[in-house]
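[1] take a look and give me a structure for this.
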Amino acid sequence: MDKLDLRQQYKWLYSPSAKKVEFIDVPPLPFAMVDGAIPAGVGPGDSPDFQEAVAALYGLSYTLKFMIKKRADNPIDYPVMALEGLWKTESHTYDTANREAMTYTVMIMQPDFVTPDLFEEARAALLKKKPGPGPARARLATFHEGPSIQIMHIGPYATEPETVARLDAFAAEHGYTPRGHHHEIYLSDPLRAAPEKMRTILRHPVGVASGAVVQ
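    I've put the predicted structure just below:
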């Protein structure tokens, strides 16, 4: 059986330093994605809409993994990638202490051999096993984030604004223009990891002015 280590293949995207902000250029990548919204004053952990979206993504991703691993023709084993979230508020800020209404897209990267037909087969299998509205919300799409800056945030979600401020300062120093959504990549399970040891990649897509020096 062939094995594909997506985490190692894309290590340059998913292992940033916690000490300094870095510039990356993210290529087009395939994701299972679910969109949703959370009202003001409510955190993701308290939102049934968000929990349904996350459950659907993990259900589909593991269904795909085991379908591909157990198929008779060209079986491949690979790890399910980390959950990621794109967040947007009306003020374009993301402050865990002052919860605005938010729209979101949660997503999990998929191997490039996951086709639309295979995705639909996994959706049907998951719905047969666990009926519900979640899987119907999911889609398979290519996301091209492009030029971005990122850093590893270590600690609870509540202290993220301090790390976001470092991203903003780096962008201002190098003449990068913020664009797109606040992007979080969740490398730790909040139900298992101690808050002070949690690791979350914070990534902001940026516009690079003509003549700017890419760091």
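[2] so which residues of the protein form strands?
    Under the criterion DSSP state E, the chain contains strands at 2-3, 22-26, 29-38, 76-77, 83-89, 102-109, 139-143, 146-154, 176-178, 182-186, 199-208.
[3] quick one: strands adjacent to the fifth one?
    It refers to strand 83-89. With DSSP bridges as the test, strand 83-89 is paired with strand 102-109 (antiparallel), strand 182-186 (antiparallel).
[4] same list, these, but as JSON lines with mean neighbour count, distance to residue 115 and mean pLDDT please.
    Any C-beta I mention is one placed from the backbone N, CA and C, and that applies to glycine too. Output for these, formatted as JSON lines (neighbours: other Cβ atoms under 10 Å; distance: least, Cβ to Cβ, whole Å; pLDDT from 0 to 100):
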{"stretch": "strand 102-109", "mean neighbour count": "22", "distance to residue 115": "15", "mean pLDDT": "96"}
{"stretch": "strand 182-186", "mean neighbour count": "21", "distance to residue 115": "25", "mean pLDDT": "97"}
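[5] so which of those is nearest residue 145?
    Among those, the nearest to residue 145 by Cβ to Cβ is strand 182-186 (7.3 Å).
[6] just give the nearest non-adjacent residue to residue 152, would you?
    residue 18 (4.0 Å; Cβ to Cβ, 6 or more residues apart in numbering).
[7] contacts only, for that neighbour.
    151-154 (Cβ atoms under 8 Å, 6 or more residues apart in numbering).
[8] run a quick neighbour tally on residue 76.
    The tally of other residues near residue 76 (other Cβ atoms under 10 Å) stands at 14.
[9] circling back: in CSV, list the strands of the chain along with distance to residue 164.
    Output for the strands of the chain, formatted as CSV (distance: least, Cβ to Cβ, whole Å):
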stretch, distance to residue 164
strand 2-3, 36
strand 22-26, 15
strand 29-38, 18
strand 76-77, 37
strand 83-89, 11
strand 102-109, 15
strand 139-143, 21
strand 146-154, 8
strand 176-178, 11
strand 182-186, 8
strand 199-208, 6
